[in-house]
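Participant: Provided below for reference: sequence and predicted model.
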Amino acid sequence: MTTVIRADGVGRRFAGRRVLADIDLEVRDGEIFGLLGPDGAGKTTLMQLLAAILDPSEGQLTVFGFDTRHGAEEVNARVGYMTQAFSLYDRLSVIENLQFAARIRDVAASDFRLRSEELLTMAGLENARHRRAGQLSGGMRKKLSLCAALIHAPALLLLDELSLGVDPLSRRDLWRLLRRHRDEGNTVVISTPYMDEAEHCDRLGFLHDGQLVALDTPARLRRRVTGHIYQLATSHLDETEALVRSWPGISSLQRLANRLRIQLAPDQDVPVDALARLDGLGHLVAVEPTLEEAFIALSPLSAPAVLPPPMPPAFAATGVEVRAERLGVHFGDVMAVHEVSLRVPPGEVIGWLGPNGAGKTTLIRVLCGLQKPSVGRAWVGELSVTEQVGQLRRRLGYMSQHFSLYPDLSVAENLRFFAGIYGLAGRQRRLAIDWASHMTHLTGLEEQRVDALSAAVRQRLALACSILHGPAVLFLDEPTSGIDPLSRQHFWHLILTLAGQGMTVFVTTHYLEEANYCHRLGLMHQGRLIALDTPDQLRVTLGLPHDAGMEAVFMAGIEREQRRAS
């Protein structure tokens with residue numbers, strides 16, 4: 001196989017700050033190579049170096065044998081590069097956007113006709129060729145952007161977080177295009193924050209703080225995880241977790257919705273007497289490591305893997321039931337939500353999955369009192385979401401992917417500001433801030449400015465600000481986007497703890513494996529709630545094996561609904 005990319009000791013600095021260091025890498029033709037890492041790991045900078053947009057500050061980088069410092073023109077002619085914010089022209093149609101991209105790349109008219117037809121068909125956009133780009137869904141826009149990057153048939157395709165924010169159904173279509181391009185003998189380098197997506201790569205590089213800390217196939221990376229890993233299914237989580245915490249040699253303890261995942265040190269195994277004490281509490285089975293566990297094991301992440309039990313709340317948690325009866329929302333002739341009925345008990349974490357445009361966000365806006373339903377009724381506890389909106393909002397917490405923190409204020413100042421918004425003052429405010437800070441592990445960081453915090457700490461601060469007033473119901477919209485896997489595990493530990501204290505939690509996420517943290521999952525498609533059950537029961541209902549991943553569950557549910565509707 002021919003070497004397409006070779007990096008020897010490559011580094012990059014910005015204003016004296018090292019962003020990449022000592023990158024040694026070889027990528028061959030005909031492979032999909034993945035770069036995996038959280039925000040700030042250096043993925044985008046490395047992509048820009050490979051595209052010859054930036055020069056290395058140190059080391060040597062060649063692409064197709066051309067030094068990127070001196071052969072940028074030769075590199076550019078052979079590369080297609082799609083950034084996170086790939087520019088489409090919203091006023092141009094699908095085909096006009098492709099024509100524009102082709103002209104920039106000097107694609108002959110005869111080649112364009114053949115190439116554009118092939119790409120539009122593969123992307124499922126052939127019937128949308130005359131629609132304006134601004135009228136496309138998020139998934140369709142990403143597919144059009146990928147087609148534009150492929151229009152000149154580049155031998156090397158660079159994709160910076162191609163499917164970030166894209167639903168799993170559209171992600172599957174994007175990957176069909178990538179495999180087709182690879183199978184034609186071309187090379188693809190893709191950066192991604194999604195572990196399930198990384199499994200589709202031929203090889204992976206783990207980036208952490210600008211360094212390449214591991215490089216291998218997904219299967220070999222998983223095999224490098226040391227120590228026994230067990231999963232313990234139980235309906236007595238608190239009691240069982242307290243027992244497991246007493247075991248010697250635990251290197252990681254992860255709490256899911258109805259099970260514990262336990263990793264032991266390499267020289268440890270489950271104590272013999274512990275097996276007897278588990279009798280009647282749960283079922284313990286040995287399991288294989290995940291790619292997420294490999295990333296944590298092979299990256300120098302410093303946060304503890306076994307968190308201490310959190311503080312009790314500063315106020316008594318008042319759990320409420322959330323109910324909806326035949327809810328419907330129509331925008332003109334468009335049915336955004338169609339006859340959704342549900343009951344969510346106090347203390348439940350419920351995850352909402354579905355393609356973009358399925359109605360998840362609209363449904364949550366109705367339950368928050370932000371969108372009036374066209375038909376039907378809904379309540380949070382005894383409060384109607386349409387008739388008692390002012391009282392309702394005092395019972396709710398909301399944390400979005402882009403929660404509005406104030407970057408030039410300190411952690412403590414942000415907490416005091418949001419406490420004031422919630423009407424907290426005096427001793428009540430102090431107790432609430434102390435509780436939220438301890439709950440989210442912000443103690444000791446109070447005087448740090450927000451703009452100096454890592455993405456993971458900002459995420460915890462956003463959560464603290466959203467729970468200060470002790471909401472009965474918490475809505476989380478893509479809450480862990482951009483943070484590293486260990487921080488994501490810790491974040492979910494906090495969410496499950498809040499649920500254990502009586503808070504009801506609604507979550508939307510594109511990280512499918514996060515669905516395992518949810519007690520139940522709601523699967524939406526074209527405005528309809530097509531399934532609502534536990535992850536395990538959904539596997540049974542859909543005829544999937546007990547260890548099927550959430551991507552398989554999602555696809556099976558959507559495909560079943562499509563067959564029913566056809």
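Facilitator: Structure received. Numbers count the residues shown, from 1 in each chain.
Participant: contacts and neighbour counts: CA atoms only from here.
Facilitator: Will do.
Participant: CA atoms only: put the helix or strand containing Gln537 into PDB for me.
Facilitator: Per DSSP states H and E: Gln537 is located in helix 535-541. Provided in PDB are the C-alpha atoms of helix 535-541 (Å, rounded to 0.1, in the frame of the first residue of the first chain):
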ATOM      1  CA  PRO A 535     -33.300   0.000  26.400                       C
ATOM      2  CA  ASP A 536     -33.400  -3.700  27.300                       C
ATOM      3  CA  GLN A 537     -37.100  -4.100  26.500                       C
ATOM      4  CA  LEU A 538     -36.700  -2.200  23.200                       C
ATOM      5  CA  ARG A 539     -34.100  -4.800  22.200                       C
ATOM      6  CA  VAL A 540     -36.500  -7.600  22.900                       C
ATOM      7  CA  THR A 541     -39.400  -5.800  21.100                       C
END
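Participant: Against which helices or strands is the helix or strand following it packed?
Facilitator: The helix or strand immediately downstream of helix 535-541 is helix 550-565, counting by DSSP H and E. Using 3 or more C-alpha pairs under 8 Å, 6 or more residues apart in numbering; DSSP states H and E, the elements in contact with helix 550-565 are helix 168-183, strand 520-525, strand 528-533.
Participant: just those: most buried one?
Facilitator: Comparing the helices and strands packed on helix 550-565 by mean neighbour count (mean count of other C-alpha atoms under 10 Å), strand 520-525 comes out on top with a mean of 23.
Participant: That one pairs with which strands, parallel or anti?
Facilitator: According to DSSP bridges, strand 520-525 forms sheet pairs with strand 349-353 (parallel), strand 528-533 (antiparallel).
Participant: got the angle between it and helix 550-565?
Facilitator: Note on geometry: by axes from the mean of the first three to the mean of the last three C-alpha atoms, to 10 degrees, strand 520-525 and helix 550-565 are set 50 degrees apart in direction.
Participant: Pull the distance from strand 520-525 to the chain's centre.
Facilitator: Mean C-alpha position of strand 520-525 versus that of the full chain (C-alpha atoms, centre = their mean, to the nearest Å) differs by 17 Å.
Participant: Same question for stretch 115-125.
Facilitator: Relative to the centre of its chain, stretch 115-125 is centred 28 Å away, using C-alpha atoms, centre = their mean.
Participant: now swap in stretch 473-484 and tell me
Facilitator: Worked out by C-alpha atoms, centre = their mean, stretch 473-484 lies 8 Å from the chain centre.
Participant: hang on, the earlier thing: make JSON lines out of the strands paired with strand 520-525 and add distance to Leu367 and mean pLDDT.
Facilitator: Shown next, in JSON lines, are those (distance: least, C-alpha to C-alpha, whole Å; pLDDT from 0 to 100):
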{"stretch": "strand 349-353", "distance to Leu367": "13", "mean pLDDT": "93"}
{"stretch": "strand 528-533", "distance to Leu367": "15", "mean pLDDT": "95"}
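Participant: Which among these is found nearest to Ala148?
Facilitator: strand 349-353 (28.9 Å; C-alpha to C-alpha).
Participant: For the helix or strand just after that closest one, C-alpha coordinates in PDB please.
Facilitator: Scanning forward in sequence from strand 349-353 by DSSP H and E, the next helix or strand is helix 360-367. Only the C-alpha atoms of helix 360-367 are listed here, as PDB (Å, rounded to 0.1, in the frame of the first residue of the first chain):
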ATOM      1  CA  LYS A 360     -38.200  16.000  19.700                       C
ATOM      2  CA  THR A 361     -37.400  19.700  20.200                       C
ATOM      3  CA  THR A 362     -41.000  20.800  19.600                       C
ATOM      4  CA  LEU A 363     -42.300  18.300  22.100                       C
ATOM      5  CA  ILE A 364     -39.900  19.500  24.800                       C
ATOM      6  CA  ARG A 365     -40.700  23.200  24.000                       C
ATOM      7  CA  VAL A 366     -44.400  22.300  24.700                       C
ATOM      8  CA  LEU A 367     -43.500  20.600  28.000                       C
END
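Participant: how about helix 360-367: buried residues?
Facilitator: By 16 or more other C-alpha atoms under 10 Å, the buried positions in helix 360-367 come out as Lys360, Thr361, Thr362, Leu363, Ile364, Arg365, Val366, Leu367.
Participant: So which of those residues is the closest to Leu20?
Facilitator: Nearest to Leu20 among those is Thr361, at 37.6 Å by C-alpha to C-alpha.
Participant: now that closest one: how far from Gln526?
Facilitator: Distance from Thr361 to Gln526, counting by C-alpha to C-alpha, to the nearest Å: 12 Å.
Participant: Tell me who's in contact with the residue of the chain most remote from its centre.
Facilitator: Largest separation from the mean C-alpha position in the chain: Ser110, at 40.9 Å (C-alpha atoms, centre = their mean). If you count contacts by C-alpha atoms under 8 Å, 6 or more residues apart in numbering, Ser110 has none.
Participant: quick one: pLDDT of the spatially closest residue to Met503 that is not a sequence neighbour?
Facilitator: Once flanking residues are discounted, Met503 sits nearest to Gly347: 4.8 Å by C-alpha to C-alpha, 6 or more residues apart in numbering. In the prediction, the pLDDT value recorded for Gly347 is 92.
Participant: Below-threshold pLDDT in the protein: ranges please.
Facilitator: 86, 165, 301-318, 401 (pLDDT under 70).
Participant: Val75: which element?
Facilitator: Assigned by DSSP H and E, Val75 falls in helix 72-78.
Participant: Touching, the residue nearest to Met503 and Ile495? I think so.
Facilitator: No. Using C-alpha atoms under 8 Å, Gly347 makes no contact with Ile495, being 10.3 Å away.
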